[in-house]
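Visitor: here is a sequence together with a model predicted from it:
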2 protein chains.
Amino acid sequence: MNEIRIFSPATVANVSCGFDVLGFCLDTIGDEMVVRKTKEKGVSISKIIGSDLPYDIQKNVAGVSALALYDDAKPNFGFDIEIYKHIKPGSGIGSSAASASGSVFAINELLGRPYSKTQLTHFAMKGEAIASGSEHADNIAPTIFGGFTLIKNTSPIKVLQLPTPDELYAIIIHPQIEIKTSLARAILPNSIPLKDAITQWSNLGSLVHALHTNDYDLLGNSLEDVIIEPHRSELIPHFQMVKKEVLNNGALGCGISGSGPSIFSLCKGVKNAKQVKNAINNSYLKTEVSFEIHLSKINTEGIKIL
Amino acid sequence: MNEIRIFSPATVANVSCGFDVLGFCLDTIGDEMVVRKTKEKGVSISKIIGSDLPYDIQKNVAGVSALALYDDAKPNFGFDIEIYKHIKPGSGIGSSAASASGSVFAINELLGRPYSKTQLTHFAMKGEAIASGSEHADNIAPTIFGGFTLIKNTSPIKVLQLPTPDELYAIIIHPQIEIKTSLARAILPNSIPLKDAITQWSNLGSLVHALHTNDYDLLGNSLEDVIIEPHRSELIPHFQMVKKEVLNNGALGCGISGSGPSIFSLCKGVKNAKQVKNAINNSYLKTEVSFEIHLSKINTEGIKIL
């Protein structure tokens, strides 16, 4: 195999109660990438469609992650990458993670899969670091592993794959404003009340239990964020309106996707998911902010070969 | 049935990463209680062996919890309670919870089980409150439900029953000093660093996943407490020595039981548990502090009828 075309999905990190450690993978939103072997050694990017991203591989997250793998594998040939960007940078649904993960996944396939998913996560985090300033894996892990993932440790990276209930659907609304991850981080307090932390870890433990037991009600009741959301929701136009609309229409829960501005909702069954999507759509049309809205099953595979 | 004799077990709350929400139930340490119907209405305590606790039902945790249930059930007869106390008050292994839970469990049996385990937990928390100053359920829940329990909410109470891996054993060392729960609470900070909270909830989520997947290594790696243990371990003589000895002998993990001074260790298999127990015993014999030491399988039933 000399060439591969892949779909690298968008992801939702944090998921209300799992700040910095929890994430899940989407199915209908993602980038495409084509990677092919080249006679010349090294890594190059020859095409970027859909976004104004740098071609310099030292400055492009897909390039940096690819190079981290390449320098470890030391093959006697090279790779060229084409990126067809559909996830908008700064949207809060793992745009940089999709790029960083996609290139290493594709190169690993072309090399005959010498690396594990955990090793690919390690390489992809090198790319993610230039986008966000630190190596983190809460978007990378669900892109590579699929489904729901929990980061146990970051150094060395250890990813836990959580089960995904069959009937779970996500709705993503992306208000067309950009929130820099650095600002979304700066707005957070360094210290938090112990009693809030207890609520948060009770919710995260309950969410993990809910995923293992297919308990949709418990899953919904665990989607509560008493620490991050009160701060970051201020940056997102009409967040409270969306949340109220979503819950009034019977969704399991609703929260900020990653560092925002995208808002995710989780629903049981596609019928309710469509109802919730329509409700959000109709409410948000009345505001002054333009937006995109997506409905997706949870993607349990992660990156797919096309 | 006019009379019932029960075993009401000791429990380990917090379990390193689950402060205020996680607990598990022990099998070889516990109180016995005899409860019998009386013609006269009301609740009385006629015998307390093994500890100097009040007979006044308004001041005795078993009395207060029994009265809470009794006032709700309104039977046209009464109950008398005998308490054979084997768990030392202030030991950190749920002495008051065993008393508070035992009386309501026994009365519920004598009434023909009108109440669910969740309702019994609610009544028992009324008794626990007079011992610790607030209604909490992290010891009550494992006493009543057995195995590992996670408190999702306290008001109204919602208890999650987590799976218990078959080969899990606990060792409890109880240094014979008393730490008041109120002091153990006062020593804790009101605010904690966000980064420590993230580590803690990652560990709790991982522990829940480990219990569901029988992953003993992950269970051990999740038994880390970066928030409470650094403060409370200072109150427990030779805590660091015990922990080092325990981990050197291959235990999965080790931490403070409840608010201390008892220290719990968890092991895979009875053989390793015996080795760890011997190691702790031999080290602690060299200190100036007298102690008791117990080895127990995890009790997945909770309170038992004898």
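Guide: Perfect, thanks for sending it.

Visitor: tell me the spacing between A:Leu235 and A:Pro193.
Guide: Going from A:Leu235 to A:Pro193 by CB to CB, to the nearest Å gives 22 Å. Heads up, the C-betas are built off the backbone N, CA and C, glycines and all.

Visitor: scratch that, A:Tyr216
Guide: In terms of CB to CB, A:Tyr216 sits 30 Å off from A:Pro193.

Visitor: equivalent analysis for A:Asn282, please.
Guide: Counting by CB to CB, the gap from A:Asn282 to A:Pro193 is 37 Å.

Visitor: try A:His212
Guide: Taken as CB to CB, the span from A:His212 to A:Pro193 is 29 Å.

Visitor: near chain B, which residues of chain A?
Guide: Residues of chain A found near chain B (CB under 8 Å from any CB of the partner chain) are A:17-22, A:150-153, A:160, A:162, A:188-194, A:197-198, A:200-209, A:212, A:218, A:221-222, A:227.

Visitor: would you mind listing which of these are buried?
Guide: Among those, those classed as buried by 16 or more other CB atoms under 10 Å in any protein chain shown are A:17-22, A:150-152, A:160, A:162, A:192-194, A:197-198, A:200-209, A:212, A:218, A:221-222, A:227.

Visitor: may I have the secondary structure class of A:Ala137?
Guide: Three-state call for A:Ala137 (DSSP: H, G, I helix; E, B strand; the rest coil): coil.

Visitor: okay, now it: neighbour count?
Guide: Number of residues near A:Ala137 (other CB atoms under 10 Å in any protein chain shown) recorded here: 28.

Visitor: pretty sure it contacts A:Pro156?
Guide: No: using CB atoms under 8 Å, A:Ala137 is not in contact with A:Pro156; the gap is 11.0 Å.

Visitor: buried sites along the longest strand seen in chain A?
Guide: Counting by DSSP state E, the longest strand found in chain A is strand A:22-38. Neighbour counts over strand A:22-38 (16+ other CB under 10 Å) mark A:22-27, A:29-37 as buried.

Visitor: what's the closest of those residues to chain B?
Guide: A:Leu22 (7.3 Å; CB to the nearest CB).

Visitor: what's the distance between the closest residue to the closest one other than its chain neighbours and A:Gly133?
Guide: Closest residue to A:Leu22 apart from its sequence neighbours, by CB to CB, 6 or more residues apart in numbering or on different chains: A:Val15 at 4.5 Å. A:Val15 sits 22 Å away from A:Gly133, going by CB to CB.

Visitor: so between those two, which is more surrounded?
Guide: Legend: neighbour count by other CB under 10 Å for A:Val15 and A:Gly133, higher for A:Val15 (28 against 11).

Visitor: who touches the more buried one in this structure?
Guide: Applying CB atoms under 8 Å, 6 or more residues apart in numbering or on different chains, we find A:Val15 in contact with A:22-24, A:148, A:207, A:223, A:255, A:264.

Visitor: now, which of the residues you listed sits nearest B:Tyr70?
Guide: Of all the contacts of A:Val15, A:Leu207 has the smallest distance to B:Tyr70: 37.2 Å, by CB to CB.

Visitor: thought the closest one was touching A:Leu223?
Guide: Yes: counting by CB under 8 Å, A:Leu223 is a contact partner of A:Leu207 at 7.2 Å.

Visitor: strands of the stretch 1-150 of chain A, start to end?
Guide: In the stretch 1-150 of chain A, the strands defined using DSSP state E, counting those that start in this stretch lie at A:3-13, A:22-38, A:42-49, A:78-84, A:148-154.

Visitor: out of those strands, nearest to B:Ser296?
Guide: The closest of these to B:Ser296 is strand A:148-154. By CB to CB, the value is 27.7 Å.

Visitor: what is the subsequent helix or strand relative to that closest one?
Guide: For strand A:148-154, the following helix or strand on the C-terminal side (DSSP states H and E) is strand A:157-162.

Visitor: ok, that next one: who's next to it in the sheet?
Guide: The sheet places strand A:157-162 alongside strand A:148-154 (antiparallel), with pairing taken from DSSP bridges.

Visitor: got the angle between the partner strand and strand A:22-38?
Guide: On the basis of axes from the mean of the first three to the mean of the last three CA atoms, to 10 degrees, strand A:148-154 is oriented at 80 degrees to strand A:22-38.

Visitor: so how far is the longest helix belonging to chain A from its chain's centroid?
Guide: For chain A, the helix with the greatest residue count under DSSP state H is helix A:194-213. Offset of helix A:194-213 from its chain centre (CA atoms, centre = their mean, to the nearest Å): 21 Å.

Visitor: what is that helix packed up against?
Guide: Secondary-structure packing of helix A:194-213 (3 or more CB pairs under 8 Å, 6 or more residues apart in numbering or on different chains; DSSP states H and E): strand A:157-162, helix A:216-222, strand B:148-154, strand B:157-162, strand B:191-193, helix B:194-213.

Visitor: with just CA atoms, put the second one into PDB.
Guide: Listed in PDB are the C-alpha atoms of helix A:216-222, where the atom choice follows Å, rounded to 0.1, in the frame of the first residue of the first chain:
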ATOM      1  CA  TYR A 216     -29.200   6.400  30.400                       C
ATOM      2  CA  ASP A 217     -30.900   8.200  33.200                       C
ATOM      3  CA  LEU A 218     -27.800   8.000  35.400                       C
ATOM      4  CA  LEU A 219     -25.700   9.100  32.400                       C
ATOM      5  CA  GLY A 220     -27.900  12.200  32.100                       C
ATOM      6  CA  ASN A 221     -27.800  12.900  35.800                       C
ATOM      7  CA  SER A 222     -24.000  12.700  35.800                       C
END
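
Visitor: next helix or strand past that helix?
Guide: Of the helices and strands lying after helix A:216-222 in sequence (DSSP H and E), the nearest is helix A:229-232.

Visitor: chain center to that following helix: distance?
Guide: With CA atoms, centre = their mean, you get 19 Å for helix A:229-232.

Visitor: can you list the residues that contact that helix?
Guide: Against helix A:229-232 from outside (CB under 8 Å, 6+ apart): A:16, A:184, A:187-189, A:255-256, A:259-260.

Visitor: cool, and stretch A:180-193?
Guide: A:90, A:131-133, A:227-228, A:231-232, A:234-235, A:258-260, B:190-194, B:197.
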